[in-house]
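Asker: Just to be clear, the model below is a prediction. Sequence and coordinates:
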Amino acid sequence: MNWNKRVRQVHRWLSIAFTVTVVATTVALLQEEPAIWVSYTPLLPLALLLLTGLYLFALPYAAKRNGRRRAARAN
C-alpha cells in the first residue's frame, strides 16, 4: 500500500475515534458529578488528526514542487 493511502486511511479512522471520544465525553460530563479528566480524552485523537491533516494538506504542494524539479532535470 502507498504511504499516502495509508495516511489517508489513518486519518479517516482517527476522525471516527475523535467523534466517539467527543460523544463519550459529552455523555460523561452530563452526569451529576463529572470527572474533569474525561474532558481531555479527545485531545490525543485531535492532535493526531492535526498532524495527518497537515500532511495531507501539504501533499499537493509537494507534488507540484517535485514536478517542477523533474521538469527542470528533463530540460
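Answerer: Nice, I can see it. Numbers count the residues shown, from 1 in each chain.
Asker: contacts and neighbour counts: CA atoms only from here.
Answerer: OK.
Asker: burial of the closest residue to Gly53 other than its chain neighbours, as a residue count?
Answerer: With CA to CA, 6 or more residues apart in numbering as the criterion, Gly53 has its nearest non-adjacent residue at 7.1 Å, and that residue is His11. Other residues near His11 number 20, with proximity taken as other CA atoms under 10 Å.
Asker: my guess is His11 meets Leu51, correct?
Answerer: No. His11 lies out of contact with Leu51 (CA atoms under 8 Å); the separation is 9.1 Å.
Asker: Whichever strand or helix holds Val10: which residues count as buried?
Answerer: Assessed by DSSP states H and E, Val10 sits inside helix 3-29. In terms of neighbour count (16 or more other CA atoms under 10 Å), helix 3-29 has its buried residues at His11, Leu14, Ser15, Ala17, Phe18, Thr21, Val22, Ala24, Thr25, Ala28, Leu29.
Asker: which residues sit in contact with the fifth one?
Answerer: Contacts for Phe18 were tallied using CA atoms under 8 Å, 6 or more residues apart in numbering; they are Pro42, Pro45, Leu46.
Asker: chain center to the strand or helix carrying the last one, what's the gap?
Answerer: Read that as Leu46. Leu46 is part of helix 43-74, with elements assigned from DSSP H and E. Distance of helix 43-74 from the chain centroid (CA atoms, centre = their mean, to the nearest Å) equals 13 Å.
Asker: Read off the pLDDT value for Ala63.
Answerer: At Ala63 the predicted local confidence, pLDDT, stands at 82.
Asker: Tally up the residues packed near it, please.
Answerer: Ala63 has 11 nearby residues by other CA under 10 Å.
Asker: Next one: it from Leu50, what distance?
Answerer: 20 Å (CA to CA, to the nearest Å).
Asker: same deal with Ala17?
Answerer: On the measure of CA to CA, Ala17 and Leu50 end up 13 Å apart.
Asker: cool, and Thr41?
Answerer: Applying CA to CA to Thr41 and Leu50 gives a distance of 15 Å.
Asker: what residue lies at the spatial centre of the protein?
Answerer: Leu49 (1.9 Å; CA atoms, centre = their mean).
Asker: Confirm for me that that one is in contact with Trp13.
Answerer: No. Using CA under 8 Å, Leu49 is not in contact with Trp13, being 9.5 Å away.
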